[in-house]
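Asks: coords please:
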Amino acid sequence: MKLQINILLVLLTTIWGCAPMMSAPPAPPMPSDAKQEFGAGLMGGAVNTGGPHLEPLGNAQIWLRRKAGPQMKDETGVIVQTGWPSLVSGGVYTRRSMAASNEIRSINYQFEGGWIWAGASLPMAFKVGDRAWLTTQPGVRMSFMGLVQLPVGMSWQLNDTLRLDTEVGGRALGLNNEGELRTSLWMAYGAIALSSSR
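Replies: Next up is the predicted model:
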């Protein structure tokens, strides 16, 4: 019986580790005339699980988001990813605009969830040029690969439909196979993504 419980805990931890590694979707708002956006990104980095060596990690992620709400300032969407160590996962999210959002800043709150993972974040984007945004999306996620995420990025609207997103960040803390907090766990990553809206 103990062996079966340990196998179940390992499987749950593996599935639990399937939360998105980078901010998903990126923090900048869609262009005002767009109704939906499709994007794809790549992420690479290293994770310290408490051992003597850093372990590499990598991830590919896609998302589809649509405007929602009475004024079309909110969003809903789907996130799908694959990579190491998270294997394959998917989930949904909803993002709500806060009253402080306007033409030069976008401040939102987001709730997301998938198979045995959940999170909340504050996607924020601040216009720093005609087509450039400084972004961040601090958040917490119930996942194996870190409970706290602190990213910073830049996004550039390349034309009316395409946007390039970049991000560096870190995640810290996590849960071990017994459900205990792992303070020695941290990861650092860099990401690049391309989005197309219509």
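Asks: chain center to stretch 67-80: distance?
Replies: 16 Å (C-alpha atoms, centre = their mean, to the nearest Å).
Asks: what about the strands in this structure?
Replies: For the chain, the strands defined by DSSP state E occupy 36-48, 55-68, 74-84, 87-97, 105-114, 117-121, 124-127, 132-136, 139-142, 148-157, 162-172, 186-197.
Asks: now do the buried residues in the second one.
Replies: Put plainly, it is strand 55-68. Within strand 55-68, the residues that count as buried by 16 or more other C-beta atoms under 10 Å are L57, N59, Q61, I62, W63, R65, K67, A68. Heads up, the C-betas are built off the backbone N, CA and C, glycines and all.
Asks: tabulate the strands of the chain (a markdown table), appending distance to P28 and mean pLDDT.
Replies: Output for the strands of the chain, formatted as a markdown table (distance: least, C-beta to C-beta, whole Å; pLDDT from 0 to 100):
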| stretch | distance to P28 | mean pLDDT |
| --- | --- | --- |
| strand 36-48 | 10 | 94 |
| strand 55-68 | 11 | 93 |
| strand 74-84 | 12 | 90 |
| strand 87-97 | 12 | 90 |
| strand 105-114 | 7 | 93 |
| strand 117-121 | 14 | 90 |
| strand 124-127 | 4 | 96 |
| strand 132-136 | 4 | 97 |
| strand 139-142 | 16 | 87 |
| strand 148-157 | 5 | 96 |
| strand 162-172 | 7 | 94 |
| strand 186-197 | 9 | 94 |
